[in-house]
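# From the sequence below, what's the structure:
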Amino acid sequence: MIVYMLLSGAPPFYGRNDEAIKASIVQGEYQFPNELFRDVTDDAMAFVSCLLSYSIEYRYTAEQALTHPWLKGNCDPDQLHRCKDGAQGVRAISDGYSADINAMQM
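Numbers count the residues shown, from 1 in each chain. Presented below is the predicted three-dimensional model:
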């Protein structure tokens, strides 16, 4: 959502009221309105689509996002490498946390 908002200046999910916005989120419905994305490249919109994918099996992880061609083509390689190292560290912490919870449940 953050990348979408940074590129367009608006949130990806719309509705006339809170219930309509919630339904849009739950259904994973979003668009790239031309008036908001006319200056945004197709690669950038493809990147956003990978991040907002409704299906978790197709949604990018942080590590996958950091290897997307749009980021690679527009970001400093050293900075991307540091971010990727950070994403791997977060995953290790998360995996350890999950293991701790599973152990407590036994």
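# Could I get the contacting residues of the spatially most central residue of the chain?
Central residue check for the chain by CA atoms, centre = their mean: the C-alpha nearest the mean position is that of residue 51, 3.1 Å away. Contacts for residue 51 (CB atoms under 8 Å, 6 or more residues apart in numbering) come out as 3-4, 59-60, 65. Backbone N, C-alpha and C define where each C-beta goes, glycine included.
# Any of these buried? List them.
Among the contacts of residue 51, the ones that count as buried by 16 or more other CB atoms under 10 Å are 3-4, 60, 65.
# For residue 23, state which of those is nearest.
The nearest member of the buried ones among the contacts of residue 51 to residue 23, counting by CB to CB, is residue 4 at 18.1 Å.
# what's near enough to touch the closest one?
Residue 4 neighbours (CB under 8 Å, 6+ apart): 11-12, 30, 48, 51-52.
# Kindly recompute the last result at 7 Å.
If a contact means CB atoms under 7 Å, 6 or more residues apart in numbering, then residue 4 has 12, 48, 52 as its contacts.
# closest to residue 72 among those residues?
The closest of those, once distances to residue 72 are taken by CB to CB, is residue 48, at 15.6 Å.
# So that closest one, which state does it fall into?
Following DSSP: H, G, I helix; E, B strand; the rest coil, residue 48 is assigned to helix.
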